[in-house]
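# give me coordinates for this.
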Amino acid sequence: MTGHGGAGGEYKDLVVFLAAAGVMVPLFNRLKISPILGFLAAGVLLGPDGLARFAESAPWLAWLTISDAGQIRSLSELGVAFLLFMIGLELSWGRLKSMRRLVFGLGLTQIAVCTVVLAGVFMLMGQTLVSAAVLGMGLSLSSTAVVMPVLAESGRVQTASGRATFSTLLAQDLVVAPILITVTVLAALAQGGGDLDPATLRAALLTLVPAAIGLALLVILGRLVLRPMFRSVARAKARGQGQEMFVAASLLVVVGAGVAAQAAGLSMSLGALIAGILLAETEFRREVELSIEPFKGLLLGVFFVGVGISLDLDVVAANPLAVFGLAIGMTVIKIVMIFGAARLWGVKRKAAIETALVLGPAGEFAFVILGAGMVEGIASPAFTGTVLVAATISIFTIPAMAALAGRLTREPVAAPDLPQEAMAPAGAEDQVLIVGFGRVGRLVGEMLTEHGQSWLAVDSNASTVGKGRAEGGNVYYGDAGRPEMLRLCGIDTARAVVVTMDAPTKVDEVVQAARALRPDLILIARARDDRHAVRLYQLGVTDAVPETTEAALQLAENTLVDLGVPMGLVLASIHERRDRFRAVFQDAMPDAPGQPRKARALRARTTG
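Okay, here's the model as predicted:
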C-alpha cells in the first residue's frame, strides 16, 4: 500500500475496499444482481482505469481508488484458498472416491480436450507450439472462485449439473501444480531450441519430487495433528476462553496448509483443499465452517475486486474487436468441448448444457499459469496481455451464463450417475437431529437406531463428541443454539429435533432457534420441571418432557407392576396420566397477543 505520504495513508486501500463492499454489494443485492458482479464492477471503478484516470484533474479522487493492486491480488489468493478449504469441508475421502468417475474422467477429459483445441487455434494465429500449449493449458481452466458461489446463490450445487461442474472444477484445481511444472519443462524445451535432452528432462521431472513429498507430509501431519489440536481448543472454549480461539485455529489451518503447499511447489489453494478434506473427517467440521465463513466471503470479495482491477481498458479500447473476439471465441470453443466431454461421460443433455455454459469462461488460474509463462520467457508479453484481458472479460460473463443456463434448463434436472454418498448433502437430510449427546441423547440415538431411524447429533462438549464418534455415532461438535449451526446440521430437511440437554436456559435457546427456522418441525425438548415445560410449550415445542413428572410416572409404574397390577392396565393409566399432565401444561400457558392461546393449535399443526 502507499506510504504515509501517499494519497490517504497506508490503510487507504483497505478503507476503499471495505467501503466498496459496504456500499456497492448491498446496492447490487437490492437490484437483484449477483454481488459478485458488484465486486467486479467495484474493481473496475476503483482501479487504474477507473476513477484514477481523473485523479490529476481532481486530486480528491485519489482517496477513492486502490493504489496497490499487487497487495489486493496477494489477498485475493487467500480468498481462493478459503473457498477451496470450504469445498474440502464438504468432501471426505470416501465421497471423493465415490466421485472419481466425474473428477478423473470428465474433469481430466475436459482439460485435455480444451488444451489441445485451444492450443491448435493459437498456433493458427501464429503462436509457436510451446507458447500455444501454455496458453491452451491456462485457458482450459475455469473459475472455481466465481462459479461455485454463483451456483450456490441459485441453489444449483446439489443438481446434476452442479455435481458435474464441481467435479470438473476439482479436477482443474488438482492439475494446477502439474501444469506449472509442465510450464517449467516447456521453458527448458524452448531454451534448448526445441531439443529436450535427457539431462534437462530429468532435472525438470525431479521438481515433482518435493511436491509429492510435501503432499504426503501434509496429509500425514493433518491426520495426526488436526483432531488433537481442535480438541484442545474446544476444551479451552468450554472453560470460557472465547470463540476467538476457534477462529484463530481455523485460520491457522487454512493459511498454514496453504503456505506449506506453496513451500512444496504446490498451489496454496490445493493445500487448503487438502486441509478441508482432512477436517471433514473430524467432528469439528461444522464449527470450523462457521468460523471461516465470514473470512471466506470477505477475501473472495478481494479476489473479485482484483479481477476487476486487472481489466486493462486501454487494451480494450486499442483493439476491441480482437479482445472481444478472443473472449467470445475462447468461451464458445470451451462450451462446445465441455458439452461433448460431459455427454461422453454420461451427463444428461440439459445438465451438460448448464455445466458447459458456466465452465466456458476462463478462470483465476489463467493469470497464474500465463504469468508463469511470461516469466519463463515462453509466451509473448504483448499477446499474452491481450489474452488475459479477454479472459478477464469472460469471467465477467459467468453470472450471465449461469442465468442463461437456468433459463435453458427450467425442467427438473435428473440426478447424475453417482453413488448416494456422493450426492447426499452434508447436512442431515431426512434425519432426526439430536441436540445434546449425554446419557439421555445417547439413549435416544440408540432407540432411533433400533427402530431403523437415521440421526445426527450435535454437542458442545468435545469429550462427549469424541466418545460418541469412537462408538460409531454420527456426532459433531458445535453450539446448536446458533441458527447457522442448525442449518449446517440439516434442520431445513430434518424430520424432527430432539433437545436433550439438562441446562434449561440452553434448551430454551435451541428451541427458539429451531422453531424460528422451521415452524412446521416436530420439536421435542427435555424440561427441568413443570414450570419449564409450560415455558417450552409457550416457545412452540411439539412435546415437552419434564424430568420430575416422568420420574414420578416411572416410579408409579414400577410400584403398580410389583404389586401385581396387570401390565396392560398400568401402561394405559400411565399414558392417560401423561396426556393429562400435557394438557395441564398447555392450559397453563399465558395468552400471547396476536397468537393462539393454546399450544395445542401449534401441536396440531406441527404433527398433522
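# what's near enough to touch residue 39?
Contacts for residue 39 (CB atoms under 8 Å, 6 or more residues apart in numbering) come out as 20, 21, 24, 25, 301, 304, 305, 308. C-beta coordinates here come from the backbone N, C-alpha and C atoms, glycine included.
# nearest residue to it in space, please, no chain neighbours.
residue 304 (3.4 Å; CB to CB, 6 or more residues apart in numbering).
# thinking that neighbour is in contact with residue 44, fair?
No. The criterion here is CB atoms under 8 Å, and residue 304 misses it with residue 44 at 10.6 Å.
# grab the most central residue of the protein for me.
residue 86 (3.9 Å; CA atoms, centre = their mean).
# distance of that residue from residue 459?
23 Å (CB to CB, to the nearest Å).
# in the stretch 501-608 of the chain, mark out all the helices, start to finish.
For the stretch 501-608 of the chain, applying DSSP state H, counting those that start in this stretch gives helices covering 504-517, 530-539, 547-562, 567-587, 599-607.
# looking at those, spot the one closest to residue 134.
Among these, helix 504-517 comes nearest to residue 134, with 49.9 Å by CB to CB.
# and residue 149, how many residues sit next to it?
Residues lying near residue 149 (other CB atoms under 10 Å) number 22.
# thinking again about what came up before, next, the buried residues of the helix or strand harbouring the residue nearest to residue 39.
Taking DSSP states H and E as the definition, one finds residue 304 inside helix 285-309. Buried residues in helix 285-309, counted by 16 or more other CB atoms under 10 Å: 285-292, 295-309.
# and the helix or strand harbouring the residue nearest to the centre of the chain, what's buried?
Counting by DSSP H and E, the element that carries residue 86 is helix 69-89. Under the neighbour-count criterion of 16+ other CB under 10 Å, helix 69-89 has 69, 72-73, 75-89 buried.
# that one vs helix 285-309, what angle?
Orientation of helix 69-89 against helix 285-309 (axes from the mean of the first three to the mean of the last three CA atoms, to 10 degrees) gives an angle of 150 degrees.
# dump helix 69-89 to CSV, restricted to CA.
Extracted in CSV, the C-alpha atoms of helix 69-89 (Å, rounded to 0.1, in the frame of the first residue of the first chain):
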residue,chain,number,x,y,z
ALA,A,69,-3.2,-3.7,-6.9
GLY,A,70,-0.4,-6.1,-6.1
GLN,A,71,-1.4,-6.4,-2.5
ILE,A,72,-5.0,-6.8,-3.4
ARG,A,73,-4.0,-9.7,-5.6
SER,A,74,-2.0,-11.3,-2.8
LEU,A,75,-5.0,-11.1,-0.6
SER,A,76,-7.2,-12.5,-3.3
GLU,A,77,-5.1,-15.7,-3.4
LEU,A,78,-6.1,-16.2,0.2
GLY,A,79,-9.8,-15.8,-0.8
VAL,A,80,-9.4,-18.6,-3.4
ALA,A,81,-7.7,-20.7,-0.7
PHE,A,82,-10.6,-20.2,1.7
LEU,A,83,-13.1,-21.2,-0.9
LEU,A,84,-11.2,-24.4,-1.7
PHE,A,85,-11.0,-25.1,2.1
MET,A,86,-14.8,-24.8,2.4
ILE,A,87,-15.2,-27.1,-0.6
GLY,A,88,-12.9,-29.6,1.1
LEU,A,89,-15.0,-29.5,4.3
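# which other helices and strands contact that helix?
helix 12-30, helix 144-153, helix 160-191, helix 244-263, helix 268-280, helix 285-309 (3 or more CB pairs under 8 Å, 6 or more residues apart in numbering; DSSP states H and E).
# and it, how far from the chain's centre?
12 Å (CA atoms, centre = their mean, to the nearest Å).
# tilt between that helix and helix 144-153?
On the basis of the same axes, to 10 degrees, helix 69-89 is oriented at 50 degrees to helix 144-153.
# does residue 109 touch residue 344 like I think?
Yes. Between residue 109 and residue 344 there is a contact at 6.7 Å, judged by CB under 8 Å.
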